[in-house]
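1. predicted coordinates and the sequence they were generated for:
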Amino acid sequence: QKEVEQDPGPLSVPEGAIVSLNCTYSNSAFQYFMWYRQYSRKGPELLMYTYSSGNKEDGRFTAQVDKSSKYISLFIRDSQPSDSATYLCAPKHDYKLSFGAGTTVTVRA
Amino acid sequence: DSGVTQTPKHLITATGQRVTLRCSPRSGDLSVYWYQQSLDQGLQFLIQYYNGEERAKGNILERFSAQQFPDLHSELNLSSLELGDSALYFCASSVATSGGTTQYFGPGTRLLVL
């Protein structure tokens, strides 16, 4: 069993839709929960992160963590074609990021 | 642009050969990380250096090695290359290692082993 499970999709939505992405993890030592966005042929870039359980909002993006169920979510509101990318969850313990497989999202204009 | 640079962008070589990938971290960042991204394994942590010293090892093969130089740039050496080593290799850097410290990723080196 992988340490972080993420449905690779792909996910295709119309512009303006809400995109819902999620991961599950097995290591209870994870304390920071990152979401990275990776455009085709580019390096991953950090979107946002949360510490421990709870919600965090940044513009159109909301990250949620439920440590009791080991479940991580990212919501994108009012999705735009420019949001088309691969989204990777990456829980962190100490120095180490453990990446999910990434979900490829396409937002159709 | 993350501020992390990697060279070369693309590398095509043959099985059994040895290659060196180079990474320059963001100005002020002391920590460098190497990752391998392949279609079947996803993004895998290989190794981390902090201020010239190896700090942590992940899923790095014995045929692979890395070092960080006094000017903080890092090199990843891949030897006795196999077809399965074909992947994207990313370098990331951060100012520290713990907590919510952000790792900034470079554009990657795409390695193709024929």
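-> The structure has been received and is ready for your questions. Numbering: from 1, shown residues only, chains lettered A, B, ... in the order given.
2. for B:Gly84, helix, strand, or coil?
-> Following DSSP: H, G, I helix; E, B strand; the rest coil, the label given to B:Gly84 is helix.
3. look up which helix or strand the residue nearest the centre of chain B falls in, please.
-> Most central in chain B under C-alpha atoms, centre = their mean is B:Trp34, positioned 3.0 Å from the mean C-alpha point. Per DSSP states H and E: B:Trp34 is located in strand B:31-38.
4. check which residues of that strand are buried.
-> Across strand B:31-38, burial judged by 16 or more other C-beta atoms under 10 Å in any protein chain shown covers B:Ser31, B:Val32, B:Tyr33, B:Trp34, B:Tyr35, B:Gln36, B:Gln37. Every residue, glycine included, has its C-beta placed from N, CA and C.
5. just the residues contacting it, thanks.
-> Residues outside strand B:31-38 that contact it (C-beta atoms under 8 Å, 6 or more residues apart in numbering or on different chains) are A:95, B:23, B:25, B:43-51, B:55, B:59-60, B:66, B:68, B:72, B:74, B:76, B:86-97, B:103, B:105, B:108.
6. select only the buried ones of those residues in PyMOL?
-> Filtering those down to the buried ones (16+ other C-beta under 10 Å) takes a single PyMOL command:
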select buried, (chain A and resi 95) or (chain B and resi 23+25+43+44+45+46+47+48+49+50+55+60+66+68+72+74+76+86+87+88+89+90+91+92+93+94+97+103+105+108)
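7. any idea how far stretch A:11-30 is from the chain center?
-> On the basis of C-alpha atoms, centre = their mean, to the nearest Å, stretch A:11-30 sits 5 Å off its chain's mean C-alpha point.
8. now stretch B:62-82
-> When C-alpha coordinates are averaged (C-alpha atoms, centre = their mean), stretch B:62-82 and its chain have centres 8 Å apart.
9. what of stretch A:4-24?
-> 8 Å.
10. between its first and last residues, how far does it reach?
-> End-to-end distance of stretch A:4-24: 6 Å, with C-alpha to C-alpha, to the nearest Å as the criterion.
11. picking up where we left off before, what lines up beside the strand holding B:Trp34 in the sheet?
-> Strand partners for strand B:31-38, identified by DSSP bridges, are recorded as strand B:42-50 (antiparallel), strand B:87-94 (antiparallel).
12. show the average pLDDT along the helix or strand just after the longest one.
-> Along the chain past strand B:42-50, the next helix or strand (assigned with DSSP H and E) turns out to be strand B:53-57. In this model, strand B:53-57 carries a mean pLDDT of 92.
13. what about strand B:53-57 and chain A, touching?
-> Yes - using C-beta under 8 Å from any C-beta of the partner chain, we find that strand B:53-57 touches chain A at B:Arg55, B:Ala56.
14. now for that strand, which elements pack on it?
-> Here strand B:53-57 touches strand B:42-50, going by 3 or more C-beta pairs under 8 Å, 6 or more residues apart in numbering or on different chains; DSSP states H and E.
15. now do the strand it packs on and strand B:53-57, the angle between them.
-> Interaxial angle of strand B:42-50 relative to strand B:53-57 (axes from the mean of the first three to the mean of the last three C-alpha atoms, to 10 degrees): 150 degrees.
16. how about the CA coordinates for strand B:42-50, as CSV?
-> What follows is strand B:42-50, C-alpha atoms only, in CSV (Å, rounded to 0.1, in the frame of the first residue of the first chain):
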residue,chain,number,x,y,z
GLY,B,42,5.2,9.3,-9.6
LEU,B,43,7.4,11.9,-7.8
GLN,B,44,9.9,10.1,-5.6
PHE,B,45,12.3,11.7,-3.1
LEU,B,46,15.9,10.6,-3.7
ILE,B,47,18.2,12.6,-1.4
GLN,B,48,18.7,15.8,0.5
TYR,B,49,21.7,17.9,1.2
TYR,B,50,21.9,20.8,3.7
